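Chemist: Provided below for reference: sequence and predicted model.
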Amino acid sequence: MHRAFTTVCSYKAFVQHLLSVVMERNLHLMGHPDLMVVEQTMSQLPAYFQKVIQLKLKMNDITMSLEKLKSRADHLQVEAQSRALAMEERKEKQSQWQRLMQVTMPPPAPENNST
């Protein structure tokens, strides 16, 4: 019985020694500046994650706006080309009309200056 008691006491002392070593190392680690930086960064992760989500949503909005602007620009380009073609057609018709008028009109009669 005495031997079992001695063994239990030695185990107790060993466990207490291990506990004190672990606590000492824990204090050393908890006070380490690099670990404090990591802890601070980890505490800010949810905010960073929310910012990333917001940025992604804004990027999607920008992408959609750009697509709308491209579509509008394409439409305006087609409209400008159509107007330019219509203007060219009007000029051509006017030019043809003027040529026709020149051909069908008799030349002016020479003035007679006899007195």
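Modeler: Good, I have the coordinates.

Chemist: So the residue nearest the centre of the chain: helix, strand or coil?
Modeler: In the chain, the centroid-proximal residue (Cα atoms, centre = their mean) is Met59; its distance is 3.4 Å. Secondary structure for Met59, judged by DSSP: H, G, I helix; E, B strand; the rest coil, is helix.

Chemist: list the contacts for Ala86?
Modeler: For Ala86, no contacting residues are found, by Cβ atoms under 8 Å, 6 or more residues apart in numbering. Every residue, glycine included, has its C-beta placed from N, CA and C.

Chemist: Pull up the per-residue confidence for it.
Modeler: Looking at Ala86, its pLDDT stands at 97.

Chemist: Find the helix or strand that it is a member of.
Modeler: Assigned by DSSP states H and E, Ala86 belongs to helix 33-104.

Chemist: swap in Glu111?
Modeler: Glu111 belongs to no helix or strand, assigned by DSSP H and E.
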